[in-house]
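1. could you look at this predicted model? Sequence included:
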Amino acid sequence: MSAADLRPDALPGYERQPELALVAALQLVTRYSSTRNPRLAEAVVGQLRAIAGDPRIPAVVQQCASRILGDWQMLALGGMAHRHTH
């Protein structure tokens, strides 16, 4: 996924309804909690980047997304490292 793919106007329906990024992130986080699939962690990272970078999202939500982004990046990277060692 490129940086251009994470522009809010490039994501499905986000141009008109930016809150869909938050909805998608919540669904992905919930699913990740039951599967621990690293690809879901990667998808969460993409959603958090979109949320953090979209000025239409309330500032407090953007700040939260920015704060937890690193945690999700580590989960995604941990999954990638695990895949490369097996």
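-> That came through fine.
2. pLDDT below threshold where in the chain?
-> Applying pLDDT under 70 to the chain flags residues 1-12, 79-86.
3. all helices of this structure, in order?
-> With helices called from DSSP state H, the chain shows them at 19-35, 38-52, 59-85.
4. so how far is the first one off the chain centroid?
-> Same thing as helix 19-35. Centre-to-centre, helix 19-35 and its host chain are 8 Å apart (C-alpha atoms, centre = their mean, to the nearest Å).
5. again, but for stretch 25-39
-> For stretch 25-39, the distance to the chain centre is 10 Å (C-alpha atoms, centre = their mean).
6. now that stretch: buried residues?
-> 25, 28-29, 32, 38 (16 or more other C-beta atoms under 10 Å). (C-beta placed from N, C-alpha, C; glycine too.)
7. in TSV, list these along with distance to Arg49.
-> Compiled in TSV, the buried residues of stretch 25-39 are given as follows (distance: C-beta to C-beta, whole Å):
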residue	distance to Arg49
Ala25	10
Leu28	13
Val29	14
Tyr32	16
Pro38	17
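8. with these in mind, which one is nearest to Asp54?
-> Nearest to Asp54 among the buried residues of stretch 25-39: Ala25, at 11.8 Å, using C-beta to C-beta.
9. tell me the contacts of the closest one?
-> 44, 47-48, 51, 65 (C-beta atoms under 8 Å, 6 or more residues apart in numbering).
10. by neighbours, which of those wins?
-> For the contacts of Ala25, the largest number of neighbours (other C-beta atoms under 10 Å) sits with Leu48, at 27 neighbours.
11. please report the distance of it from Val29.
-> With distances taken as C-beta to C-beta, to the nearest Å, Leu48 is found 10 Å from Val29.
12. likewise for Ala65?
-> Ala65 is 11 Å from Val29, by C-beta to C-beta.
13. ok so, going back, figure out which of the helices of the chain is closest to Gly13.
-> Per C-beta to C-beta, nearest to Gly13 of those: helix 19-35, 5.1 Å.
14. would you mind writing the CA trace of the closest one as PDB?
-> Output in PDB follows, covering the C-alpha atoms of helix 19-35 (Å, rounded to 0.1, in the frame of the first residue of the first chain):
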ATOM      1  CA  GLU A  19     -15.900   8.500  10.300                       C
ATOM      2  CA  LEU A  20     -15.900   5.300   8.200                       C
ATOM      3  CA  ALA A  21     -12.100   5.100   8.900                       C
ATOM      4  CA  LEU A  22     -12.800   4.900  12.600                       C
ATOM      5  CA  VAL A  23     -15.500   2.300  12.000                       C
ATOM      6  CA  ALA A  24     -13.200   0.200  10.000                       C
ATOM      7  CA  ALA A  25     -10.400   0.500  12.600                       C
ATOM      8  CA  LEU A  26     -12.700  -0.600  15.400                       C
ATOM      9  CA  GLN A  27     -13.800  -3.600  13.300                       C
ATOM     10  CA  LEU A  28     -10.200  -4.600  12.500                       C
ATOM     11  CA  VAL A  29      -9.000  -4.200  16.100                       C
ATOM     12  CA  THR A  30     -11.900  -6.400  17.300                       C
ATOM     13  CA  ARG A  31     -11.200  -9.000  14.700                       C
ATOM     14  CA  TYR A  32      -7.400  -8.900  15.400                       C
ATOM     15  CA  SER A  33      -8.100  -9.600  19.100                       C
ATOM     16  CA  SER A  34      -9.600 -12.900  18.300                       C
ATOM     17  CA  THR A  35      -7.200 -14.000  15.500                       C
END
